[in-house]
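*Asks:* sequence first, then the predicted structure, then my questions.
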Amino acid sequence: GNSVTQMEGPVTLSEEAFLTINCTYTATGYPSLFWYVQYPGEGLQLLLKATKADDKGSNKGFEATYRKETTSFHLEKGSVQVSDSAVYFCALSPWGGSQGNLIFGKGTKLSVKP
Amino acid sequence: ETGVTQTPRHLVMGMTNKKSLKCEQHLGHNAMYWYKQSAKKPLELMFVYSLEERVENNSVPSRFSPECPNSSHLFLHLHTLQPEDSALYLCASSQDDGTHNEQFFGPGTRLTVL
């Protein structure tokens, strides 16, 4: 079946530190991959996405590369800010997925200290 | 209004009450979703509507009753809930055209059942 596994948090970093949040997936065919972010008290927002192997999604200084050989989509940012404190969700949309079905990981909470 | 809106943002109800959650999307999408987000648990997909027809119901108890009167509006009717139903209820929408499209989320309704 289809599933997403992401590193458990919480992750605590100092401002300007390098961030990596690991995400691996299991899927048949060629899924699309997403990172969503949830700021405190808000709903989820799409952060970035990649629809095929070797695609790199990027937004707001965050990047993730679709690695089919390692079935991974790790989220990275070179220099985090306090405002990046949020919960980050990795998700996939199965190949031929109907109704935009998304499968989410459990989320990783990031806290950035000044 | 833009994006996906949800009302109310916060709701406190007793176990014998009947209430409804409302979601409205202003994106011209044709699919809408209800999710439940509980502390320390993955996002749970509850219901999916595509072209105003329910296409998925993930074994949700009958005390939750969805309604989709048109492509822009989605309701979740609640009755005789239990304290364990306390959670953040998120609505989302997407354009379901058979490709891998992202979902756009509302801010959620924080529900507390006493």
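*Replies:* Structure received. Numbering: from 1, shown residues only, chains lettered A, B, ... in the order given.
*Asks:* does residue B:80 really touch residue B:62, like I thought?
*Replies:* No - in this structure, residue B:80 is not within contact of residue B:62 by C-beta atoms under 8 Å, at 9.5 Å. Where C-beta positions appear, they are placed from N, C-alpha and C, glycine not excepted.
*Asks:* can you confirm residue A:12 is in a strand?
*Replies:* Yes - under DSSP: H, G, I helix; E, B strand; the rest coil, residue A:12 falls within a strand.
*Asks:* just give the closest residue to it, not the sequence neighbours.
*Replies:* Residue nearest to residue A:12 in three dimensions, not counting chain neighbours: residue A:111, with 4.8 Å by C-beta to C-beta, 6 or more residues apart in numbering or on different chains.
*Asks:* what about the strands in chain A?
*Replies:* Under the criterion DSSP state E, chain A carries strands at the ranges A:3-6, A:11-14, A:19-21, A:23-26, A:32-38, A:44-50, A:56-59, A:62-65, A:75-77, A:86-93, A:103-104, A:108-113.
*Asks:* now these in JSON lines, with mean pLDDT and mean neighbour count?
*Replies:* As requested, those are arranged in JSON lines below (pLDDT from 0 to 100; neighbours: other C-beta atoms under 10 Å in any protein chain shown):
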{"stretch": "strand A:3-6", "mean pLDDT": "93", "mean neighbour count": "18"}
{"stretch": "strand A:11-14", "mean pLDDT": "97", "mean neighbour count": "14"}
{"stretch": "strand A:19-21", "mean pLDDT": "97", "mean neighbour count": "17"}
{"stretch": "strand A:23-26", "mean pLDDT": "96", "mean neighbour count": "19"}
{"stretch": "strand A:32-38", "mean pLDDT": "94", "mean neighbour count": "25"}
{"stretch": "strand A:44-50", "mean pLDDT": "94", "mean neighbour count": "21"}
{"stretch": "strand A:56-59", "mean pLDDT": "97", "mean neighbour count": "15"}
{"stretch": "strand A:62-65", "mean pLDDT": "98", "mean neighbour count": "20"}
{"stretch": "strand A:75-77", "mean pLDDT": "98", "mean neighbour count": "20"}
{"stretch": "strand A:86-93", "mean pLDDT": "94", "mean neighbour count": "24"}
{"stretch": "strand A:103-104", "mean pLDDT": "90", "mean neighbour count": "22"}
{"stretch": "strand A:108-113", "mean pLDDT": "96", "mean neighbour count": "16"}
